Each structure stands twice: as C-alpha cells, then as structure tokens.
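1. How does the following fold in three dimensions:
(3 chains)
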Amino acid sequence: MSMYDNLNSMQQEAVFHTEGPVLILAGAGSGKTRVLTHRASYLIEEKGVNPWHIMAITFTNKAAGEMRERIDSLVGFGSESIWVSTFHSTCVRILRRHIDRLGYDTNFTIYDADDQKILMKDICKRLQIDTKIYKEKSFLGVISSAKDELISPEEFTLRAAGDFAKEKQAAVYREYQAALRKNNALDFDDLIVKTVELFQNDAEVLDYYQERFRYIMVDEYQDTDTAQFHLIKLLAEKYRNLCVVGDDDQSIYKFRGANIKNILNFEEIYPDARVIKLEQNYRSTQNILNAANSVIANNVGRKAKALWTDHPEGEKINFQQFETAYEEADYIAADIRKKVSENGGHYGGCAILYRTNAQSRLFEEKFVVSNIPYKIVGGINFYARKEIKDLLAYLKTIDNGRDDLAVRRIINVPKRGIGATTLGRVQTYAEEQGLSFYQALRAADEISTIGKAGMKIRPFVNFIQTMRSKVEYLGVSKLLQEIIEETGYVAELEAESSDEAQARIENIDELISKAVAYEESEESPTLSGFLEMVALVADIDNLQEGSDYVVLMTLHSAKGLEFPNVYLAGMEDGMFPSYITIISDDPSEIEEERRLCYVGITRAMTDLTITCAKQRMIRGETQYNKVSRFVKEIPETLLGGMARSRQKPKETSESAGQSFRQASSKVKPIFSTRNSYQSRQANSFASSSTDKITLEYGSGDRVKHMKFGEGTVVQIVEGGRDYEVTVAFDRVGTKKMFASFAKLKKV
DNA sequence: GTTAGAAACAATCCT
DNA sequence: TGTTTCTAAC
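-> Numbering: from 1, shown residues only, chains lettered A, B, ... in the order given. Below is the predicted model:
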C-alpha cells in the first residue's frame, strides 16, 4: 500500500497530475496542504524530479514552515533542496543576489510601515504639502496600491495628467521612490515589484530561475495581487508546470491588493489548465459546515462548489447576545473554563476570533484576572516596538550606512544633545555635497555652520565606526549586547524603574534571545541576514501548535488554522460587517466581509459559539448595535442557546466573578492590564508571572555560560522577577546579564 | 534642547 | 479610548 492510497480520488488526481497548469479549488478543510505535500513527494519519488527544481510558495512563514516539515517527513531524501518559502522571502533572496543589476546595493534595508510613514512625512515637508489636508497615510495607500498593480512612478505620472490631485500623488510617488533608492531601501511592496522588474529587464537572471523552478506550487492563490501574479507567471513561463491552490470563497485580502480575478480567470490565461475541485471537508461537524454554506450562499459570482462532510451532525451552534461587551467577555471566559474542566479539554483547543484588534483588550483584561493562559496574535508587532526599533536602527546603521532613516532615529537616542537645528544643518550639507546623512556626520568637522555641535557628533560616529570593524568577529548577539552596554540603553531604562521600563527591558532581552537563536539556527549567520529575518516575520509565525493557551486573533489571522472550540465574538452589524462596508455603496465589500465570516465559521471543528453585545464602547463612545446580518443568514434550526440568553449573562458573570475573586486574592498580575508595552509572549500565562526564578548559584560561585565559557559571579542584583547577574568570565571579561536569559550553570 | 501635559484626532483587516 | 501632535515652561 502506498502513501497515496489514503487520499480521496480528487486529491489523488491533484497529486498525480504533475505536468502543465493545474488549478485546485480547495474548499475549507479539504486537505489542500496534504495534497501539496504529497504532490511534492510524488514528483520526487515517482517522477524522478530533482527536488532542486521544485518550489512551493506561501504567504506566511508559518505556512511555509509547516509545509517544509510535512514534506520532510514524507520525502526520504533531498527534500531540503525544495525551495519552500513565502513570496517576500523568496524575493529578498533573489534580490540579495541580483539587485545590483537594478542599481541598488545588495545590502539594501527593508522599510516597515513605521519607516514608510517617517519617510513620507519628510517628503510632504519637502514638497510643501499640507498634511492636514492630504494625509501621509493616504499617499502611502495610493503608492502601495499602485505597486500592487505594478504601476511605476513614471506610468502613474502619465496616467495622472490633467488631474490635479493625481498629479500631486504622482509627484509624491516619484519623490518617495527616489528617497528609497537614495537610502538603499525597499519597502514591502518593492520586494515583489523589484523582483518582477529584475526578471523583465534581465533575461539571463530570469532564465536562471525559470530553469531552476520547473515545478511551481502556489498556496492561497486567491490572495495574490497583480504583482505576485506576474512574478509567478514569469517564473512558470518556460516549463508551464504551475499548480495553484486556492478558494475564491476565502478571498479576504482585497484591501491589500489581492486580485480575485487571478483565480477566477486562471483558465483563461492557461486554457490547457486542469481544474480539480476538493469538496470533501475533513474538519468540521455537519452543523458547522451547514452554517458556513448557508452564509456564503448569499454571495453572487462564486465558483460553484458543494462542500460536504461525512462527519456527524454534532452540537448546535451556540448563539448568545449580551447587554454589554463586558458580559460577552465574562461569558466566554467562563465557558472556556467550563469546557476545559468538564470535558477534559485544554486551553490550546480554544480560539477567540474577532474583526478588529481593539476587541482583544477586554478579553485580555478578563483572562489576566481569571488566570486563563492566553496569547494574542497581532496588534503591534514585536519588532515594531520603540525600544526594539531603536536597537535595530543601530544594527541597520552599522550594516548599511546609506539608510538615513535609521541613522536619524538613533543619532540622539540616548540623548546626546544633538537637536533639530544641528540635524537640519547636517541635512543641508549632505544635500549640497550629495552625501548620505551618515557620510555628512562623518564629515561634521567640515561643516562650518554647526560649530561646536560637532563635538557631540564625533563620539557617535566613532562608536559606529568601531562597531563596524567589530561586526565580523562579534556576531549579531554580542554586537547587540555591546551596543546596549556602550549606549547605556538598558541602564537608562533601569534608572527609570517603572513597570513600563521593566517591560521594555524584557523585550530587549527577548530580542537578544532571538539574535542568539538566529545565530544558532543559521549555518552562516550575518548581520544582514538577521535584519532580514526580523523584517519579514509576522506575529502569526510565532504561534506554536500544541501549546496550552487560548488564542486570540483577528479573523484575518485565523485563515488556514483550525481549532476544536471557536468563539466568534462581536457579531454585530457595524462591527462585523464593519461600519465602513455597510455604508459603502460598493456591494462587493459586504461580500468580502461575508467571505471573512465564512472563513471564521469554518475554523471550528466541533464547537462553535457566536456572541454579540447590544452595546459596546468604541473609542470612548458607546455604540448600540444589532445582531450581525450574517448570523441571521444561518438557519435557526442550527442555532442553540438563544432562548437562554436573557438569564444566562447574569448567571455567568457571577460565576466568572467568583473566579475573579479567587484569582485576585491569590495572584497579583505583575503587568498592568493597560500596559501596551508588555511582551505578550512572555507574560501570556497569568500564573507564570508569580513564579520568580530561583538561582542555583550565588555571589562568588563558578558558573558556565553557553557562549562565554566559565567565570565567577561577581554580583547579583534583583530586578522585578529576574536577576541581573554580573560575571567575570575567564576568557571574555566581565559581563552583566539577566539570569533568565543567560541560563548560567553552576560548575 | 528637553519635557510634560493639553489638545486634537481617529474609523478594519496584513506580508 | 488610545495615540499622536502641539505648546509652554524649564
């Protein structure tokens, strides 16, 4: 019996049809990852294809990681040569090798949304645009959409002729792109755009990759935008062995440029395409699937599909309406508690899904006081926190001196007494001389206008230069630690001794850990490599399967995941579908929301609870909302719990109140629940915040460190729930470090 | 040049 | 409500 016997006939067809274009329409829970991984295996084992010629492309690192793991376990030999990665890391990898052909340096930096905004602000100032009337964000939005559509600044300018507002946007776009180039930086969209540009302009490079990727598989194809479509099209042009997998009913990324036509018109672009439908769902109960089907049936213009399952009917969908959003959170917390203790379930099987990130706050507060372990996905990215960005800016400056943004960010952090006036003068000088900002700083002595401020600049420049010379032999994590030492960044925070500062310090420790982990995981770690990884991770990538905590995230983040027990919270008209789509006169916007609802329902395997509140606070104002129209699209026969909803809230908020008293008398959460600086990963377990680490060593003891070797403990200082340990190492001198991170062993 | 406190303002969703 | 920008005082 072969491994392919476990697949159903449609899945088998998808696996065995290896040559030419293939479109796999894979309904929710129909086992598409299984198909893709088996297909890779089949190509290698049965068709004798060299794994080197196979590429699988996804949207998130998490999906790529999972696929890699599953392929590895299926394929006996050579699976590591298969190129499995995301669109963005694929492009970065290609650009790091060849972008010099487009006039960029191969050590370009990648700008995140924050960086883009700062840059745009600067440009608006330069072009004397009143940002009260034209917002930076709207320019960035326009530019991003243009890039998604592969519209260059030049073409945008041509198209804008005669339209005052568009001409202004065109000017901004041109200026923005020029600034990026000057800084040797690419924004997120550029990663795709520049790769396409490279392929279009350089036949040699294109041919190399076409030869390499003879078999291409694309996951979540309904999410591709026009630029990504062209990227794939170019790559697949020579061998035409392109297999795309997607589900038009799960297309939920129009706002970031996803073009649903890519999947709907696949057969027109590839007339010889084989179309295969996967319609058997292996995930959900009959009731859940019926609910999902009846909701999505209200959309027009879908590809015909009939999702079915041979699973039993299962429980009814539990629907509850509450007076307030607080009661909603109370109920869900109590219900999770009940399910976990009664049914022997575990927290890890529960997920709360909502439309907007802001909704996580109430649940977070509730879970902290109730001692329910949880993890929030999304919101502010770890790498977007101020303290992390500051330190990364140091690394970027050391790595790429042409990144003006990074230099300007840290030139006065910590305070060096260099203010706006001086910076303005340096800037002017840089422009006059055609230098980068950093080069101008190096030449500060030559700038007549800045006078004695040059004295303040020189130490900074010296510091960066010294660090540059040390990059090679220090490595990323030690470089980072030396920056922290030399600049006194952490020391300054320690002096502040507030909860917020403490949380920032913990984040910095986390960053060091990530640097160490990077160095350990990579064969030849480099500073650029680390910065690249950092730029491309999404919050969802850190979600570990099998962990025992409740997961909270937006419906968008939940795509591709499944949970036994799902709560869809805030199902109110105005929240979901969102206010903006309700007032929009484009009916397709509601359809996209409906698809999002479909995605949400189909995440559930056995238990689905839908909740809403009659009133909730939004930005300080109380809003009154009706039950979501999507709930009304579910046949009443599938719903349970509604009749009880009038008494139930009181009852549950009381029982939840009990657990609150219990918890609060015993445990005092270390973080203020309002503290947005907290590292969510670190403190997810409310209970763990009480565990103070115990040290097996004391002052004077001999200890051993993973990297630094042996040494003697000089001093131990208590700080929060951690200890700061000073150790005199035999080889590398005296170092200060946190006990929880350093993992010192007594010898 | 730096800081804190007041005022203004905002509208999803994300790699 | 939470965050960013402006203003005034040190």
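2. just checking, A:Val703 is part of a strand?
-> Yes. Judged by DSSP: H, G, I helix; E, B strand; the rest coil, A:Val703 forms part of a strand.
3. hey, what's it bridged with?
-> A:Gly711, A:Lys746 (DSSP bridges).
4. from memory it sits against A:Glu710, does it?
-> Yes. A:Val703 lies in contact with A:Glu710 (Cβ atoms under 8 Å); the separation is 7.2 Å. C-betas here are computed from N, CA, C, even on glycine.
5. And the two? Which one has more around it.
-> A:Val703 (21 against 14; other Cβ atoms under 10 Å).
6. on that earlier part again, overlap of the contact sets of A:Val703 and A:Glu710?
-> A:Val747 (Cβ atoms under 8 Å, 6 or more residues apart in numbering).
7. neighbours of the residue in chain A positioned nearest to DNA strand C, just the number please.
-> Nearest residue of chain A to DNA strand C, counting by Cβ to the nearest atom of the strand: A:Gly620, 2.4 Å away. Look at A:Gly620: counted by other Cβ under 10 Å, it has 5 neighbours.
8. Next up, phi/psi of it, please.
-> When quoted as degrees, to the nearest 10, the phi and psi of A:Gly620 stand at phi 80, psi -10.
9. do you know how far it is from A:Ala358?
-> 12 Å (Cβ to Cβ, to the nearest Å).
10. if I pick the spatially closest residue to A:Asp148 that is not a sequence neighbour, what's in contact with it?
-> Nearest non-adjacent residue to A:Asp148, counting by Cβ to Cβ, 6 or more residues apart in numbering: A:Gly257, 3.0 Å away. By Cβ under 8 Å, 6+ apart, A:Gly257 lies in contact with A:144-145, A:148-149, A:225-227.
11. next one: A:Tyr347
-> A:336, A:340, A:372-374, A:548-550.
12. Rebuild those as CSV, extending it with neighbour count.
-> Shown next, in CSV, are the contacts of A:Tyr347 (neighbours: other Cβ atoms under 10 Å):
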residue, neighbour count
A:Ile336, 23
A:Val340, 19
A:Ile372, 25
A:Pro373, 17
A:Tyr374, 24
A:Asp548, 11
A:Tyr549, 19
A:Val550, 26
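13. need these in a markdown table with distance to DNA strand C, pLDDT and secondary structure, can you?
-> Output for the contacts of A:Tyr347, formatted as a markdown table (distance: Cβ to the nearest atom of the strand, whole Å; pLDDT from 0 to 100; DSSP: H, G, I helix; E, B strand; the rest coil):
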| residue | distance to DNA strand C | pLDDT | secondary structure |
| --- | --- | --- | --- |
| A:Ile336 | 23 | 95 | helix |
| A:Val340 | 28 | 90 | helix |
| A:Ile372 | 20 | 92 | coil |
| A:Pro373 | 22 | 92 | coil |
| A:Tyr374 | 17 | 92 | strand |
| A:Asp548 | 28 | 88 | coil |
| A:Tyr549 | 22 | 91 | coil |
| A:Val550 | 20 | 94 | strand |
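14. related to what we said a few turns ago, restricted to helices, list the contacts of A:Gly257.
-> A:144-145, A:148, A:226-227 (DSSP state H).
15. Break down the stretch 251-400 of chain A into its helices, ranges please.
-> A:261-264, A:266-269, A:286-296, A:325-342, A:360-370, A:386-399 (DSSP state H, counting those that start in this stretch).
16. May I see those helices arranged in CSV, with distance to A:Asp187 as well?
-> Shown next, in CSV, are the helices of the stretch 251-400 of chain A (distance: least, Cβ to Cβ, whole Å):
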stretch, distance to A:Asp187
helix A:261-264, 22
helix A:266-269, 28
helix A:286-296, 35
helix A:325-342, 36
helix A:360-370, 27
helix A:386-399, 14
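17. so how far is A:Thr224 from the residue nearest to A:Asp148?
-> 9 Å.
18. Next: A:Cys612.
-> To A:Thr224, A:Cys612 is 33 Å away according to Cβ to Cβ.
19. OK, contacts around the closest residue to A:Lys147 other than its chain neighbours?
-> Leaving aside its sequence neighbours, A:Lys147 sits nearest to A:Asp189 (Cβ to Cβ, 6+ apart; 3.7 Å). With contacts defined as Cβ under 8 Å, 6+ apart, the neighbours of A:Asp189 are A:143-144, A:147-148, A:227.
20. any idea which element A:Asp189 lies in?
-> Remark: A:Asp189 resides in helix A:188-201, with elements defined by DSSP states H and E.
21. Can you name the next helix or strand after that helix?
-> Once helix A:188-201 ends, the next helix or strand along the chain (criterion: DSSP H and E) is helix A:203-212.
22. buried sites along that following helix?
-> Neighbour-count burial for helix A:203-212, counted by 16 or more other Cβ atoms under 10 Å, picks out A:205-206, A:209-210.
23. Can I get those in JSON lines including distance to A:Arg603 and pLDDT?
-> Converted to JSON lines, those look like this (distance: Cβ to Cβ, whole Å; pLDDT from 0 to 100):
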{"residue": "A:Val205", "distance to A:Arg603": "41", "pLDDT": "97"}
{"residue": "A:Leu206", "distance to A:Arg603": "39", "pLDDT": "97"}
{"residue": "A:Tyr209", "distance to A:Arg603": "36", "pLDDT": "97"}
{"residue": "A:Gln210", "distance to A:Arg603": "37", "pLDDT": "97"}
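24. and those as TSV, adding distance to A:Asn625?
-> As requested, the buried residues of helix A:203-212 are exported to TSV (distance: Cβ to Cβ, whole Å):
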residue	distance to A:Asn625
A:Val205	54
A:Leu206	52
A:Tyr209	51
A:Gln210	53
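25. with those in mind, which one is nearest to A:Gly401?
-> When the buried residues of helix A:203-212 are ranked by distance to A:Gly401 (Cβ to Cβ), A:Val205 comes first, at 27.0 Å.
26. contacting residues for the closest one?
-> Contacts of A:Val205 by Cβ under 8 Å, 6+ apart are A:98, A:101, A:198-199.
27. Now do stretch A:552-562: everything it contacts.
-> With Cβ under 8 Å, 6+ apart, stretch A:552-562 has contacts from A:29, A:60, A:62-63, A:220, A:250, A:252-253, A:283, A:351-357, A:360, A:363-364, A:374-378, A:539-540, A:543, A:568, A:576, A:596-597, A:599-600, A:603-605.
28. Check the average confidence over stretch A:590-610, would you?
-> Mean pLDDT, stretch A:590-610: 96.
29. just how off-centre is that stretch within its chain?
-> With Cα atoms, centre = their mean, to the nearest Å as the basis, stretch A:590-610 stands 21 Å off its chain's centre.
30. Report the separation between the two terminal residues of it.
-> 19 Å (Cα to Cα, to the nearest Å).
31. Turn the buried residues of helix A:203-212 into JSON lines, including distance to DNA strand B.
-> Listed next are the buried residues of helix A:203-212 as JSON lines, based on distance: Cβ to the nearest atom of the strand, whole Å:
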{"residue": "A:Val205", "distance to DNA strand B": "23"}
{"residue": "A:Leu206", "distance to DNA strand B": "23"}
{"residue": "A:Tyr209", "distance to DNA strand B": "20"}
{"residue": "A:Gln210", "distance to DNA strand B": "24"}
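32. Could you identify the helix or strand that succeeds the host helix or strand of A:Leu95?
-> Per DSSP H and E, A:Leu95 falls inside helix A:87-98. Going down the chain from helix A:87-98, the next helix or strand is strand A:109-111, by DSSP H and E.
33. what's stretch A:68-88 in contact with?
-> With Cβ under 8 Å, 6+ apart, stretch A:68-88 has contacts from A:3, A:33-34, A:37-38, A:40-41, A:44-45, A:50-52, A:54-61, A:63-64, A:67, A:90, A:93, A:188, A:191-192, A:212-213, A:228, A:231, A:536.
34. Pull out whichever of those residues are also neighbours of DNA strand B.
-> A:59-61, A:188, A:536 (Cβ under 7 Å from any atom of the strand).
35. Buried among these? Make that a ChimeraX selection.
-> Burial among these is assessed by 16+ other Cβ under 10 Å; the matching ChimeraX selection reads:
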select /A:59,60,61,188,536
